[in-house]
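> predicted coordinates and the sequence they were generated for:
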Amino acid sequence: MITRRRFLGGAAGLTLATGLPRPARGQGRPLVFCSWGGALSAMEKDAMVDPAAKKLGVEVTHASPTQYAKIKAMVEAKRPEWDLVDVGGRFIFQGRDQDLVEPIDYKIVDRSQLPAHWYASHGVYTSAGGTVIAYNTSRFPEGKGPQSWKDFWDVKTFPGPRGLYKSLYYTYEAAMLGAGVSRKDVYPLTDEKVKLALDRLTELKPHVKVWWTAGAQPPQLLASGELAMSSAWNGRILAVMKEKAPVTLTYKDGIAWANAWVVVKGTPYKDLAMKMINEAIAEEAQTRLLPIGVYAPLNLKALAKATPDQRLAMATHPDNVKDMLILDEEAGAQLTWNPKYEEMWNKFQLS
């Protein structure tokens, strides 16, 4: 069983090979798995990658951090140094459109292990989190804090400085829900919807004290009282709640998203990388995520094994996700990389 202590202790060894008995080598090297580093990489190493490598009898080297520009450069040079990479879900679609990633071989990867929205033609989601509303409990009596993005926009009933993510990605969805748009109508993306979101953000902008760029910012600013409420990543908030900080969250109106794995175009380990993905989404590996409590499983059989306490940390648990919007990562790719939306967002930021 993987405990939190063992998990955190394993973070230091991410650059080392697993040292398994039968190295699988292509072009003189083992398969390389790359992720973002920190807690996510440690979790993936302990719960997914190393157990899969042991089961398959191969050697895997761990690298970090993920860099999209490096993926593009190595593919264009036809010399991939990474084979299997954890990416933001948006990159599945950028990578597909730029021919940087291999299509997923669903003869090897058993997609029946996941709900339909957690796999795509060129990538598979392996663990999940959520962008949620978090708030300072000293500012609001118990049970009286904001419970929706409409509440977040209601500065009279819920006064105090706000924090929002400094990207149209995540923030578009929050603004649409804050405007009263139903979850089913947030997508597909249109110019009119983006304009509506920006209009709503313009209304709230005088009350947004911090446009955060790193996940550590919201819990720190909320705990200190500098912010009354903020969008935040659920895992970061849960961590400070365990430390008894005056901060809590609600999954209501949250935005569920997931970490995705892609196979780099031209890898000499294409089939092996597919097998690694298949192992990562299997019930056994997904169940190992539960005691770690950093990111949630996506496999429903694994989620069903969560204890009541563990469910609190699981953005994708049925008790939580029923009240959440599942992020459309293809739309997210447009919000991030479409020059038209980028220009609209930059103008808003400068106004």
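Looks like it came in fine.

> report the buried residues of the lengthiest helix in the chain.
Among the elements of type helix in the chain, defined by DSSP state H, the one spanning the most residues is helix 191-204. Of the residues in helix 191-204, those scored as buried under the neighbour-count criterion (16 or more other CB atoms under 10 Å) are 193, 194, 196, 197, 198, 200, 201, 204. Any C-beta I mention is one placed from the backbone N, CA and C, and that applies to glycine too.

> kindly report the same for stretch 316-332.
When neighbours are counted by 16+ other CB under 10 Å, the buried residues of stretch 316-332 are found to be 316-317, 320-321, 324-332.

> sorry, back to before: using CSV, write down the CA coordinates of the longest helix of the chain.
Once side chains and other backbone atoms are set aside, the C-alpha atoms of helix 191-204 remain, and they are given as CSV (Å, rounded to 0.1, in the frame of the first residue of the first chain):
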residue,chain,number,x,y,z
ASP,A,191,-17.3,34.3,-30.2
GLU,A,192,-20.5,35.5,-28.6
LYS,A,193,-20.0,33.3,-25.6
VAL,A,194,-16.4,34.5,-25.1
LYS,A,195,-17.6,38.1,-25.3
LEU,A,196,-20.3,37.4,-22.7
ALA,A,197,-17.6,35.9,-20.4
LEU,A,198,-15.3,38.9,-20.9
ASP,A,199,-18.2,41.3,-20.2
ARG,A,200,-18.9,39.5,-16.9
LEU,A,201,-15.2,39.5,-16.0
THR,A,202,-15.2,43.3,-16.7
GLU,A,203,-17.9,43.7,-14.1
LEU,A,204,-16.0,41.8,-11.5
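
> who touches the helix or strand harbouring residue 75?
Assignment of secondary structure by DSSP states H and E places residue 75 within helix 68-76. Helix 68-76 is contacted by residues 80-82, 85, 87, 91, 94-95, 98-101, 264-266 when judged by CB atoms under 8 Å, 6 or more residues apart in numbering.

> drop anything exposed from those residues.
Under a neighbour-count criterion of 16+ other CB under 10 Å, the subset of the contacts of helix 68-76 counted as buried comprises 80-82, 85, 87, 91, 94-95, 100-101, 264-266.

> how far off centre is the longest strand anywhere in the chain?
The residue-count maximum for a strand in the chain (DSSP state E) belongs to strand 247-263. The chain centroid and the centroid of strand 247-263 are separated by 6 Å under CA atoms, centre = their mean, to the nearest Å.

> check which strands are paired with it and give the direction for each one.
Partners of strand 247-263 in the sheet, by DSSP bridges, are strand 84-88 (antiparallel), strand 123-136 (antiparallel), strand 325-326 (parallel).

> now the shortest one: mean pLDDT?
This means strand 325-326. Over the span of strand 325-326, the pLDDT mean works out to 96.
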